[in-house]
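Participant: structure, please.
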Amino acid sequence: MPARYRAAADAAGISELGVSEHIHRFQQALAIWDHLFWRRYAVDDIDDYCEFVRERTDLRLGLEVDFVPGREDRTQNLIDRSSSTTLSARSISSGPPRRRRHL
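Facilitator: I've put the predicted structure just below:
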């Protein structure tokens with residue numbers, strides 16, 4: 001993490017910083033929803049992402065997770081792989097995600 005981010009956080013009295021990535025960026029998310037938009041952007045590995053953030057940074061780990069009706073079990077399985085995350089969810093009815101709901 002750039003030192004200027006840490007310095008700005010320290011100056012503002014913020015003791016922890018975090019990073020969150022959209023779940024559709026991970027290859028493993030295609031097990032939840034095999035949609036053209038997701039296939040185009042699912043280029044990263046969720047395990048590598050979690051390992052990097054946890055072991056090589058002092059950042060809090062987060063995932064932005066899409067809620068896909070009928071795929072709750074698959075979604076939960078993927079979340080469980082990266083436990084100890086901060087989550088944000090949005091609802092998907094069809095097409096790319098457009099509406100947000102925060103947990």
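Participant: so where's the longest strand in this protein?
Facilitator: For the chain, the longest strand by residue count, based on DSSP state E, is strand 60-67.
Participant: buried residues of it, list them for me.
Facilitator: 61-67 (16 or more other Cβ atoms under 10 Å). C-beta coordinates here come from the backbone N, C-alpha and C atoms, glycine included.
Participant: burial measure for residue 9, as a count.
Facilitator: Close neighbours of residue 9, defined as other Cβ atoms under 10 Å, add up to 14.
Participant: grab the nearest non-local neighbour of it.
Facilitator: Using Cβ to Cβ, 6 or more residues apart in numbering and skipping the chain neighbours, the partner closest in space to residue 9 is residue 17 (5.5 Å).
Participant: show the model's pLDDT score for that neighbour.
Facilitator: Residue 17 carries a pLDDT value of 90.
Participant: also residue 31?
Facilitator: What the model reports as pLDDT for residue 31 is 90.
Participant: what sits against it?
Facilitator: 74, 78 (Cβ atoms under 8 Å, 6 or more residues apart in numbering).
Participant: most centrally placed residue in the chain?
Facilitator: Residue closest to the average C-alpha location in the chain (Cα atoms, centre = their mean): residue 63, at 2.0 Å.
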